[in-house]
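**Q** Here you go, sequence then predicted model.
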Amino acid sequence: MGFYQPAPYQKAAARLLLAALVALPFALEAAGQGFYIGLVSRIMIFALAATSLNLVLGFGGLFSLGHAAFFGAGAYASAILMAAGVGEAFVAWPAVMAAAGLLALAVGAISLRTRGVYFIMITLAFAQMVYYLFVSARAWGGDDGLPLAGRASLAGLGLGGDRAFYFVVLGCLALTLFGLGRLAQARFGRVVQAIRENEARMEALGYPVFRYRLACFALGGALAGLAGALLANLTGLASPSLLQWTQSGTLLVMVIIGGVGTLYGGVVGAVVLLLLEEALAGLTLHWHIGLGGLLLVIVLFAPRGIAALFGGRRG
Amino acid sequence: MAEPLLAVTGLSRAFGGVQALAGIDFSVDAGEIHALIGPNGAGKTTFIHHVSGALRPDAGSIRFAGADVTRRSMHQRVHAGIARSYQITNVFSRLSLVDNVALAVQGRRDSGTSFRFWRPAASEAGVFAEAAGYLRQVGLADLAARPAGELAHGEQRALELAMALATRPQLLLLDEPMAGTGPEEAERMVDLIEHLARHVTILLVEHDMDAVFRLADRISVLVGGRLVFTGEPEAVRRHPEVRRAYLGDGA
């Protein structure tokens, strides 16, 4: 892969999509389908989580199988803060991101000393440790998870309504994508992408490779934490299932389906996977078979992911 | 006498039971081209790895420009002024030539700390202008926008050189820059190294003896992990152990 470069029409497409997403809740309400606002919020939250993994995996080249740890930790951190009476999003969510980022910093500081399959295994091991930590903590609800008394408020405005919360989620996702697009083309982004291509050469050009990888890993963790906080607020529960290793797998599948190392890969993957789940789950309990088939088709015929099919050029 | 730019003392390294480097004392004076020759498996590349910081010695010390760098990491040594090219071509094959060199320029300018998350790097004209300058120096200016992977082998070797130069080294470690090049390309590479040597000290590892004798001010001979001789090219040519080593190698 070369350096990330946006496709020529990408900016226009992104604006169009943003406008459509702004109009969507009003259209759904007018059509009497307000229920779907929550579903779209959920998809956008997973899109954010998958995008954060794509930063680590696609741009940083770090195949982490423990991303759910930061996603779930973010959910728990927001629930814990809510229980402690911190319901203001402008206070709680930055704190959640800092906590998830610090957790990723600690995990990365050890994991990033390994390579290849060892890195995959050690990130998985750390994620399992975090999972068992939360499941065994009675004060945090154990197996049942930790419910939130209500949704956070933003600058004093309640986010209890689905439409208001939808716009907060949309804002977080849009800002993240915009920021990531900038980052990928800024000096830092070029350095981590070059490290992905050839680590030894970057060291020989004078770059402290470890520090860049750690920064990338921690940033991905912080963004996953934000996604976790949003999901906990949407569903009203910080569930231990968010921390499970299968959740890490789901996020990986989203990124791979959507397009590793493309800006919108995580978004596309989350949309496809969750809509497919929604559609197929209504038909049969064995909807995973359909998902498996789709994954096969994509890996065989679009190995760079769906987003790459639309000219999301990687170099 | 002034302290040499690079002073290696008692450098030893074993891999398992194999003593790859055994008590090597070696120095490079500022301004010279110092060639390191020896049969395959003599430990030349291992030695370069120790000077560049990719490997750590079991014993011995490495001083560079008056400071002990034995324990410093590779990226710290790059900023101290040691750059290297690789025996096996090692460039970013999917990036354009100018992007390859720009990474080196950026690394030097930021002292390796490019923690800048916002401003598009492509808009930084200074970095790219400088990168283009190094490409011109090695004769690749016309190909700046091409992906490095599409270059001919000799051109990739020249790109390696441009990247090493962009770190503005005091000491350039060249590990077999002629390896795998045709006679014409090798000729061009010799001219290029001769040209570069006016500004930078060079430690050259090379099998091409014509090139070595044309370029080197001094030659050291490494055999079986031991430095058997250091001297002027003429003295090396006559040295019995050197002849034996090369005859033993079947060369």
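**A** Nice, I can see it. Numbering: from 1, shown residues only, chains lettered A, B, ... in the order given.
**Q** Is any residue of stretch B:133-149 near chain A?
**A** Yes. On the criterion CB under 8 Å from any CB of the partner chain, stretch B:133-149 is in touch with chain A at residue B:147. C-beta coordinates here come from the backbone N, C-alpha and C atoms, glycine included.
**Q** Next, the buried residues of that stretch.
**A** For stretch B:133-149, the buried set under the neighbour-count rule, 16 or more other CB atoms under 10 Å in any protein chain shown, comprises B:134-135, B:137-138, B:140, B:143-144, B:147-148.
**Q** Not counting residues beside it along the chain, what's closest to the most centrally placed residue in chain B?
**A** With the centre of chain B defined as its mean C-alpha position, the nearest residue by CA atoms, centre = their mean is residue B:173, 1.9 Å away. Nearest residue to residue B:173 in three dimensions, chain neighbours excluded: residue B:84, at 3.9 Å (CB to CB, 6 or more residues apart in numbering or on different chains).
**Q** To which secondary structure element type does the one you found belong?
**A** strand (DSSP: H, G, I helix; E, B strand; the rest coil).
**Q** Pull the number of nearby residues for it.
**A** 28 (other CB atoms under 10 Å in any protein chain shown).
**Q** That one and residue B:65, how far apart?
**A** Note on residue B:84: its distance to residue B:65, by CB to CB, to the nearest Å, is 16 Å.
**Q** swap in residue B:243?
**A** 35 Å.
**Q** Between those two, which is the more surrounded one?
**A** When residue B:243 and residue B:65 are compared for neighbours, residue B:65 comes out ahead with 16 against 12, by other CB under 10 Å.
**Q** ok now do that one, which residues does it touch?
**A** The neighbours of residue B:65, taking CB atoms under 8 Å, 6 or more residues apart in numbering or on different chains as the test, are B:5, B:80-81, B:170.
**Q** Widest-spaced pair of those?
**A** Spanning the widest gap among those are B:5 and B:80, at 11.1 Å by CB to CB.
**Q** okay, these two: which has more neighbours?
**A** Shown here are residue B:5 and residue B:80; by other CB under 10 Å, residue B:5 has more neighbours (22 against 17).
**Q** before we move on, the earlier item: for the buried residues of stretch B:133-149, name the two members farthest from one another.
**A** B:137 and B:147 (20.5 Å).
**Q** Phi and psi next, for residue B:73.
**A** In terms of degrees, to the nearest 10, the main-chain angles of residue B:73 are phi -80, psi 170.
**Q** Tell me the spatial nearest neighbour of it, not counting adjacent residues.
**A** residue B:53 (5.8 Å).
**Q** ranges for the helices of the stretch 151-300 of chain A?
**A** Ranges of helices within the stretch 151-300 of chain A are A:162-185, A:187-197, A:199-204, A:209-235, A:245-258, A:265-283, A:287-301, based on DSSP state H, counting those that start in this stretch.
**Q** Pick out the shakiest of those helices, pLDDT-wise.
**A** Of all these, the minimum mean pLDDT falls on helix A:287-301 (a mean of 83).
**Q** Tell me which other helices or strands that one touches.
**A** helix A:245-258, helix A:265-283 (3 or more CB pairs under 8 Å, 6 or more residues apart in numbering or on different chains; DSSP states H and E).
**Q** in that helix, what's buried?
**A** So, applying 16+ other CB under 10 Å, buried residues of helix A:287-301: A:287, A:290-291, A:294, A:298.
**Q** How about stretch A:276-289?
**A** For stretch A:276-289, by 16+ other CB under 10 Å, it's A:280, A:287.
**Q** again with stretch B:192-212
**A** Of all the residues in stretch B:192-212, those buried under the rule 16+ other CB under 10 Å are B:192-193, B:196-197, B:200-206, B:208, B:211-212.
**Q** do the same with stretch A:27-47
**A** A:28, A:36-37, A:40-47.
**Q** what residues does the stretch 101-250 of chain B put near chain A?
**A** So the stretch 101-250 of chain B meets chain A at B:103-104, B:106-108, B:110-122, B:124, B:147, B:163, B:167 (CB under 8 Å from any CB).
**Q** What is the end-to-end distance of stretch B:43-57?
**A** Counting by CA to CA, to the nearest Å, you get 13 Å between the two ends of stretch B:43-57.
**Q** avg pLDDT for it?
**A** 95.
**Q** ok, residue 59 - contacts?
**A** Because you didn't say which chain, this covers chain A. Residue A:59 neighbours (CB under 8 Å, 6+ apart): A:4, A:184, A:189, A:192-193, A:196, A:216, A:261.
**Q** nope, chain B
**A** B:10-12, B:23.
**Q** can you give me the strands in chain B?
**A** Using DSSP state E, the strands assigned to chain B run over residues B:6-15, B:18-28, B:33-37, B:59-64, B:67-68, B:82-85, B:171-175, B:201-205, B:218-223, B:226-231.
**Q** just how off-centre is the shortest one within its chain?
**A** Distance of strand B:67-68 from the chain centroid (CA atoms, centre = their mean, to the nearest Å) equals 19 Å.
**Q** And for stretch A:154-167?
**A** In terms of CA atoms, centre = their mean, the centre of stretch A:154-167 is set 21 Å apart from its chain centre.
**Q** Need the pLDDT of the closest residue to chain B within the stretch 151-300 of chain A.
**A** The stretch 151-300 of chain A approaches chain B most closely through residue A:206 (3.4 Å), counting by CB to the nearest CB. As predicted, residue A:206 sits at a pLDDT of 93.
**Q** what do you get for residue A:100?
**A** 98.
**Q** Which helix or strand contains it?
**A** helix A:89-111 (DSSP states H and E).
**Q** Can that helix be said to contact chain B?
**A** No. Helix A:89-111 does not reach chain B (CB under 8 Å from any CB); its nearest approach is 14.0 Å.
**Q** pLDDT averaged over the helix or strand just after that helix - what is it?
**A** Counting by DSSP H and E, the next helix or strand C-terminal to helix A:89-111 is helix A:116-136. Per-region confidence: helix A:116-136 scores 96 on mean pLDDT.
**Q** just the angle between helix A:116-136 and helix A:89-111, please?
**A** Angle of helix A:116-136 versus helix A:89-111, following axes from the mean of the first three to the mean of the last three CA atoms, to 10 degrees, is 130 degrees.
**Q** And helix A:116-136, what's buried?
**A** So for helix A:116-136, counting by 16+ other CB under 10 Å, buried means A:119-120, A:122-124, A:126-128, A:130-131, A:134-135.
**Q** still on that earlier bit, of the contacts of residue B:59, list those near chain A.
**A** When CB under 8 Å from any CB is applied, no member of the contacts of residue B:59 is adjacent to chain A.
**Q** residue with max distance from the center of the chain?
**A** You didn't pick a chain, so chain A it is. residue A:204 (32.6 Å).
**Q** neighbours around the closest residue to chain A within the stretch 1-150 of chain B, how many?
**A** Residue nearest to chain A within the stretch 1-150 of chain B (CB to the nearest CB): residue B:78, separated by 3.4 Å. Neighbour count of residue B:78, defined by other CB under 10 Å: 28.
**Q** Grab the nearest non-local neighbour of it.
**A** residue A:206 (3.4 Å).
**Q** Then residue A:224?
**A** Using CB to CB, 6+ apart, the nearest residue to residue A:224 is residue A:70, at 3.9 Å.
**Q** For that neighbour, what is the enclosing helix or strand?
**A** Per DSSP H and E: residue A:70 is located in helix A:68-83.
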